[in-house]
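Novice: Pasting a predicted model and its sequence here:
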Amino acid sequence: MDGQFQCSSGHCIQEHFRCDGERNCHDLSDELDCPPRYPGDRYCREEKFQCDNYLCVEMRDLCDGSNDCYDNSDERESLCSNYTCNTLRRFQCNNHKCIPLYQKCDGIDNCGDGSDENNMTICSHRPRPCIFNEFRCANQKCIGSNKICDHADDCGNSSDELGCHTASNCTVGGCEQTCTDLKDGGYVCHSIRGFRISPNNPKICNDIDECAELTHNCSQLCTNLNGTHACSCREGFVAEINGVCHLEQGAITLIYSDSPEIRAFNLTSHTAKYVIKGDNIESLDYEPVSGIVYWTDSYGKTIKRSYLPGSPERANVTMGYAQNLDIESRAKPTGMAVDWAGLNLYWSETDRTGNKPRGSILVSTLDGRYRHSIITTGLEVPTSVVVDPDHGYMFWIDIGSIPKIETSWMDGSKRRILVSDAISQPTGLSIDFAMEHTIYWVNVKLNKIEMMREDGTRRTLVAYGNYLKHPLSLDVLESNIYWVTRDSGEIYSMDKFGRGVPVKLPGEFTNPSSIKGAS
């Protein structure tokens with residue numbers, strides 16, 4: 001077709017993505033036999049590393065053990081043997097590999113030569129495995145079993161003295177729940193599942209609030225009970241016996257961008273339909289009241305919208321029609337979010353015209369009027385924006401020189417950082433409104449999916465490993481997470497608590513980049 005380039009794999013992409021220094025064909029065929037683009041016969045800007053296959057990657061990706069070039073030229077021994085890491089944010093292995101500081105002394109050989117784990121000067125604090133006659137303290141320290149309940153804080157946090165009594169034995173101990181006699185006299189009280197020993201009275205067991213601590217497996221509502229909890233569903237959903245909630249009527253539709261197109265996938269019938277054709281659709285969101293899908297066009301540097309054909313709100317609409325909101329900018333739009341309550345549109349931009357990328361977050365009405373910048377400083381490369389109109393919060397990701405997840409009020413005030421540690425390249429955010437507004441995010445470089453409360457507490461690892469295939473973006477629907485993969489260009493789903501295994505959605509995908517659920 002005119003204006004398109006056919007990859008060697010048979011997939012088609014827009015012609016303007018050919019020879020742009022980025023992998024748009026999964027087989028890299030769009031970057032073969034390309035002419036130089038910059039002075040000095042360079043294919044990349046000076047601030048980026050030029051791979052042997054002429055792809056361009058960030059300098060911080062060099063010698064980190066990840067094949068960012070796809071030909072391993074960023075990890076070549078001749079390069080990395082003399083490479084010096086930025087030690088403010090990286091640890092330099094003996095083999096010159098650079099790893100994030102938080103991976104140092106974590107019990108995993110991230111360097112590949114053991115130098116991040118076997119240096120006892122820097123890793124002396126790392127907990128070692130406790131042997132059979134030792135007790136593991138709450139702070140991971142190991143002490144001898146004979147030091148339990150000896151009236152001395154051997155652990156350093158008193159966890160070896162909780163529940164202890166030395167004056168008698170279990171027969172007359174008075175433990176509220178369970179009791180164990182100690183070999184040298186005395187006894188220790190224990191709690192059954194759902195309780196923990198009170199820090200104020202070692203004989204008493206306090207209830208654990210699984211709902212507040214995010215340790216439940218309720219897909220929507222959680223009610224704490226004495227020693228346990230109960231799951232329930234919001235209005236319009238029905239519960240299964242395992243606490244999973246499903247839509248009572250109708251079907252969930254998964255809207256996703258696939259190279260130059262937007263498609264809608266019915267999760268009940270497993271059928272996909274064409275919505276609209278665009279240019280480079282980088283991110284999208286859905287406004288449920290009017291049944292309209294919005295998307296960023298990173299090639300035209302603008303934002304467009306269209307009715308979703310066949311949606312309940314627009315059942316008579318059979319074909320989408322793209323309306324340009326006329327908010328063109330010299331900066332590239334990246335993430336986007338719809339405020340369905342205030343009827344506003346939020347989006348992020350990245351201006352790369354200078355030596356250092358400059359990011360910003362803007363807001364307008366849904367038709368593109370009254371455009372206004374609300375975040376203009378301390379932001380480099382925003383990749384995802386989500387809003388919570390119920391609580392009045394906005395959240396976004398920045399993968400600049402210091403990757404982080406931030407939040408503010410929806411007018412840009414009260415800004416603060418939620419996550420900045422153990423985070424390498426987060427690329428997608430989603431809010432699970434049904435489950436107490438829980439925040440989910442994906443980390444494409446580390447192959448991770450994590451969740452937390454909106455205030456940044458209760459950070460929990462949901463899924464981790466190569467089986468995630470480097471997730472780019474995600475959304476949470478009913479009891480599942482859905483995400484787009486970078487490496488294989490596919491869409492997968494998995495239980496939102498990480499139980500079970502991922503399942504690939506049926507269908508052929510070209511180059512999906514963004515995903516959003518609609519019901």
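Specialist: That came through fine.

Novice: only C-alpha atoms for contact and neighbour calcs from this point on.
Specialist: Fine.

Novice: Tell me where this structure is predicted with low confidence.
Specialist: Low-confidence segments of the chain, defined by pLDDT under 70: 1-2, 120, 124-129, 131-133, 163, 165-168, 171-173, 184, 278-279, 311-319.

Novice: Kindly state the beta-bridge partners for residue 294.
Specialist: For residue 294, the beta-bridge assignment (DSSP bridges) gives partners residue 285, residue 305.

Novice: my read: it touches residue 288, true?
Specialist: No: if you go by C-alpha atoms under 8 Å, residue 294 and residue 288 don't touch, sitting 11.1 Å apart.

Novice: Put the alpha carbons of stretch 266-286 into PDB.
Specialist: What follows is stretch 266-286, C-alpha atoms only, in PDB (Å, rounded to 0.1, in the frame of the first residue of the first chain):
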ATOM      1  CA  ASN A 266     -14.300  -8.600  22.400                       C
ATOM      2  CA  LEU A 267     -13.100 -10.600  25.400                       C
ATOM      3  CA  THR A 268     -16.200 -12.800  25.300                       C
ATOM      4  CA  SER A 269     -16.500 -13.700  21.600                       C
ATOM      5  CA  HIS A 270     -12.700 -13.300  21.000                       C
ATOM      6  CA  THR A 271     -13.400 -11.300  17.900                       C
ATOM      7  CA  ALA A 272     -11.600  -8.100  16.800                       C
ATOM      8  CA  LYS A 273     -13.000  -5.200  14.800                       C
ATOM      9  CA  TYR A 274     -11.400  -2.300  13.000                       C
ATOM     10  CA  VAL A 275     -12.000   1.100  14.700                       C
ATOM     11  CA  ILE A 276      -9.800   3.700  12.900                       C
ATOM     12  CA  LYS A 277      -6.700   4.100  10.900                       C
ATOM     13  CA  GLY A 278      -4.100   6.700  11.900                       C
ATOM     14  CA  ASP A 279      -0.400   7.300  11.700                       C
ATOM     15  CA  ASN A 280       1.800   6.500  14.700                       C
ATOM     16  CA  ILE A 281      -0.700   5.800  17.600                       C
ATOM     17  CA  GLU A 282       1.400   5.900  20.700                       C
ATOM     18  CA  SER A 283      -1.200   6.000  23.500                       C
ATOM     19  CA  LEU A 284      -4.900   6.000  23.800                       C
ATOM     20  CA  ASP A 285      -7.800   6.300  26.300                       C
ATOM     21  CA  TYR A 286     -11.500   5.900  26.300                       C
END
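
Novice: mind checking how far it is from the chain centre?
Specialist: On the basis of C-alpha atoms, centre = their mean, to the nearest Å, stretch 266-286 sits 21 Å off its chain's mean C-alpha point.

Novice: Can you point out the buried residues in it?
Specialist: With burial defined by 16 or more other C-alpha atoms under 10 Å, the residues of stretch 266-286 counted as buried are 266, 272, 274-286.

Novice: What residue spans form the domains of this protein?
Specialist: Residue ranges for the domains of the chain, per automatic domain parsing: 4-103, 134-207, 217-249, 250-518.

Novice: Residue 250: which of the buried residues of stretch 266-286 is nearest?
Specialist: residue 266 (10.3 Å; C-alpha to C-alpha).

Novice: Nearest residue to residue 464 in space, ignoring adjacent ones along the chain?
Specialist: For residue 464, ignoring the flanking residues on the chain, the nearest one in space by C-alpha to C-alpha, 6 or more residues apart in numbering is residue 448 at 4.5 Å.

Novice: Residue 479: what's it in contact with?
Specialist: 219, 220, 244, 245, 246, 495, 496 (C-alpha atoms under 8 Å, 6 or more residues apart in numbering).

Novice: correction: residue 410
Specialist: Residue 410 makes contact with 387, 392, 393, 394, according to C-alpha under 8 Å, 6+ apart.

Novice: I figured the second one hits residue 409, correct?
Specialist: Yes: in this structure, residue 392 sits in contact with residue 409. The criterion is C-alpha under 8 Å, and the distance is 5.8 Å.
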